[in-house]
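Peer 1: Next comes the sequence, and after it the predicted model I'd like to discuss.
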Amino acid sequence: MGGYPVVTWNSYSQAQRLLPPKYRLAKDLPHELQDRVNALPQLYRDSPQATVLFEAMIDEAMDDEPGAPPISVINEVTEEGAPPWEFVYTNQMWYDEDVPPPDIKNLKSCDCVGRCDPKSKKCGCAKRQHHYLKRYIANKTIPADWHGVPFMYDSKGTLQFFGMPIFECNDFCGCDEDCPNRVVQRGRRYAINIKRTEFKGWGVFNGPKRIPKGSFIGIYAGELLTVEESDRRGALYNKFGRTYLFDIDFHHMGAVATYSVDAYHAGNFTRFLNHSCDPNCEINPCYINEANIKKPLLTVFTKLDVEPFEELCFSYLGCIDEDTILKAKKAKKNNDAVYAECHCGSANCLGVLFS
């Protein structure tokens, strides 16, 4: 046209796929602020100024979720001014050097205009989601007549089913930002308090508004590691009784982990989520700008309605069944410090945090 090439969304997105993917390397994690604070006297780190500084660190890292409600740090139990300054606050994933970059060349995308229609026969994202839901529809975990199939969200962005992979629209899709299949990428919608508890260390609590079942809470962010590096770190963490490792081993990928997330040195408020044997949250695998089925985001959704100021928890043991109960009983005999007594307080408490 007039000697100039015509640029369409399809041609633009295809050209973008040829560029190197954007991602962060764990070796580049900034730690200047943490080093400076840890060099200060304990008196300062236990002061109200430390609380203000910690909250400011969080606010600065929230530029990727504009409009998200604030996160407050509250301690009415001990003299600590803030949680330990041992990690970089981030909502992003930071790749270990042995982990391959995001696979965007093989990423399925849609050509939809406006908002995606889950009933569309042409939507590429609907086709991809349906492919991974066939087994759940076949065994009637998902009713065949559910009007939302194949998308996992309803029209308001509420997750309808748990324990299944979520495939959201991505950066190469033609649909609008308000597409109902874009929930995790729009960020957190509820206020959060990081609060010191009496027996469980720091925990995550709801703010002043009730959170409905199926609401997105946050991404379990941190370093993305190979399972071999995770095992090496885990042996050390177990000895001193604190671990933030989460193996990515969901059923749809064969329940075998290739990668793990470590939120020890980098992470967000989700690293403070405590265990409960009767949890109100669940971690679900979610894919956005990643075609590698072994590398979903770990996304936290409420599985029950959460009342104002109620603690948010998930099960460190995964799905609690008879096999989990047997493993928990054996774990009580393990001498590693990480196998600590559970203080969740639920009626069906198993007594341990890990199995």
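Peer 2: Noted; the coordinates are in hand. Bear in mind that the values here come from a model prediction, so they are computed numbers and not experimental data. Residues are numbered from 1 along each chain as shown.

Peer 1: switch to C-alpha atoms for all contacts and neighbour counts from now on
Peer 2: Will do.

Peer 1: what's around residue 143, how many residues?
Peer 2: Residues within reach of residue 143, counting by other Cα atoms under 10 Å, total 12.

Peer 1: On the three-state scheme, it is what?
Peer 2: For residue 143, the secondary-structure state derived from DSSP: H, G, I helix; E, B strand; the rest coil is coil.

Peer 1: What sits closest to it if chain neighbours are left out?
Peer 2: Closest residue to residue 143 apart from its sequence neighbours, by Cα to Cα, 6 or more residues apart in numbering: residue 137 at 6.3 Å.

Peer 1: The one you found: what secondary structure?
Peer 2: Three-state call for residue 137 (three-state DSSP): helix.

Peer 1: for residue 285, which residues make a bridge with it?
Peer 2: Beta bridges link residue 285 to residue 298, judged by DSSP bridges.

Peer 1: Could you verify my assumption that it touches residue 296?
Peer 2: Yes: counting by Cα atoms under 8 Å, residue 285 does reach residue 296; the two are 5.3 Å apart.

Peer 1: quick one: which helix or strand includes residue 205?
Peer 2: Element membership for residue 205 (DSSP states H and E) is strand 202-206.

Peer 1: Could you do residue 195 as well?
Peer 2: strand 192-196.

Peer 1: Next, the angle strand 202-206 makes with that strand.
Peer 2: Angle between the axes of strand 192-196 and strand 202-206 is 150 degrees (criterion: axes from the mean of the first three to the mean of the last three Cα atoms, to 10 degrees).

Peer 1: so what does strand 192-196 touch, helix or strand wise?
Peer 2: On a contact count with 3 or more Cα pairs under 8 Å, 6 or more residues apart in numbering; DSSP states H and E, strand 192-196 meets strand 71-74, strand 202-206.

Peer 1: what about stretch 91-100, start to end distance?
Peer 2: 19 Å (Cα to Cα, to the nearest Å).

Peer 1: just stretch 156-172 next, same as before
Peer 2: Using Cα to Cα, one end of stretch 156-172 lies 23 Å from the other.

Peer 1: same thing with stretch 189-209?
Peer 2: Stretch 189-209 end-to-end distance (Cα to Cα) = 11 Å.

Peer 1: Flag every buried residue along it.
Peer 2: Judged by neighbour count (16 or more other Cα atoms under 10 Å), stretch 189-209 contains these buried residues: 189-197, 202-207.
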